[in-house]
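A.B. asks: Provide a 3D model corresponding to the input given below.
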Amino acid sequence: MLEHLIGVQLRNVITIGAHVASRFGFSDMIPTLLAMNASLRFYRGGVKSLWAYMNEDVPERDILVEIVLPKEGRRTKVQMMRLSYNDYSIFCLAASRVKENWIIAAGVFPGRAKLAEKTMSEMRDTPVTRGRAAELARRITAEYRFGTNYRGTAEYRRTLCEVFARRQLRSWQMKIHVKCNGKQQEWDVTPNEYLADTLRSHGCPLCKDQLRRRGMRHLHGDA
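C.D. replies: Model prediction:
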């Protein structure tokens, strides 16, 4: 993530703390930290969630001491669109998940980053499947107000949001069937680098072989 922030010259002088404290509307970092469920520790104000800080109309003058990331096993993915490698983003969407607790954050509307709170609540109540990804992506997109500037139009950002959200939700869900000790089992596996985590966490060599073959076929579009 950090190597994609503008260019080498700016990365040598800017800090993440200043980026967050200023609540920049063009920030890729803030949606990412929102999806990671980050909290902020201030010198006088104590600890508050990043989401609460982003919702304040006029933040109190204070000193940001540290950014706290909880160790809760949250998987986070970030997608963004740029005109060039070292340019500011046109739009950014970040999603994270721990069990059925989802966080969806978007930014660069242009404007301050926001959570898709209504859709997040629905996703906690009912399982998210690949078949529901398109519907949920439309609901996520409907929660945001997009604007037009010299980098992109509101309609273009709206399209990016729906596509990014659909990709995010589908990438988290992959159901495969394996036979373990003579019994058919259904597994939820993410079709990406986290497949390796599933393989390491399950001790049965036969299941490992099935998961590996099914996962690779899915990645190549054959599953």
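A.B. asks: use CA for all of it now, contacts and neighbours both
C.D. replies: Will do.
A.B. asks: which helix is the longest one in this structure?
C.D. replies: Assignment by DSSP state H gives helix 154-172 as the longest helix of the chain.
A.B. asks: what comes into contact with that helix?
C.D. replies: Outside helix 154-172, the residues that touch it by Cα atoms under 8 Å, 6 or more residues apart in numbering are 77, 79, 90-93, 95, 109, 128-130, 133-134, 136-138, 140-141, 146-148, 189-192.
A.B. asks: so where do the strands sit in this structure?
C.D. replies: 39-42, 46-49, 64-68, 75-82, 89-98, 101-107, 114-115, 175-180, 183-188 (DSSP state E).
A.B. asks: ok so, going back, let's see which of the contacts of helix 154-172 end up in helices.
C.D. replies: 133-134, 136-138, 140-141.
A.B. asks: low pLDDT regions in this protein?
C.D. replies: Scanning the chain with the threshold set as pLDDT under 70 gives 1-11, 173-223.
A.B. asks: quick one on the thing from earlier: what angle do strand 89-98 and the longest helix of the chain make with each other?
C.D. replies: 30 degrees (axes from the mean of the first three to the mean of the last three Cα atoms, to 10 degrees).
A.B. asks: centre of the chain to helix 154-172, how far?
C.D. replies: Relative to its chain's centre, helix 154-172 lies at 11 Å (Cα atoms, centre = their mean, to the nearest Å).
A.B. asks: going by neighbour count, list what's buried in it.
C.D. replies: By 16 or more other Cα atoms under 10 Å, the buried positions in helix 154-172 come out as 157-158, 160-162, 164-172.
A.B. asks: equivalent analysis for stretch 58-68, please.
C.D. replies: Those would be 64, 67-68, for stretch 58-68 by 16+ other Cα under 10 Å.
A.B. asks: again, but for stretch 124-138
C.D. replies: Buried, per 16+ other Cα under 10 Å, within stretch 124-138: 128-130, 133-134, 136-138.
A.B. asks: repeat for stretch 65-84
C.D. replies: In stretch 65-84, counting by 16+ other Cα under 10 Å, buried: 67-68, 74, 76-81.
A.B. asks: pipe those into JSON lines and attach distance to Glu100 per row.
C.D. replies: Shown next, in JSON lines, are those (distance: Cα to Cα, whole Å):
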{"residue": "Ile67", "distance to Glu100": "25"}
{"residue": "Val68", "distance to Glu100": "22"}
{"residue": "Arg74", "distance to Glu100": "11"}
{"residue": "Thr76", "distance to Glu100": "13"}
{"residue": "Lys77", "distance to Glu100": "16"}
{"residue": "Val78", "distance to Glu100": "18"}
{"residue": "Gln79", "distance to Glu100": "21"}
{"residue": "Met80", "distance to Glu100": "24"}
{"residue": "Met81", "distance to Glu100": "27"}
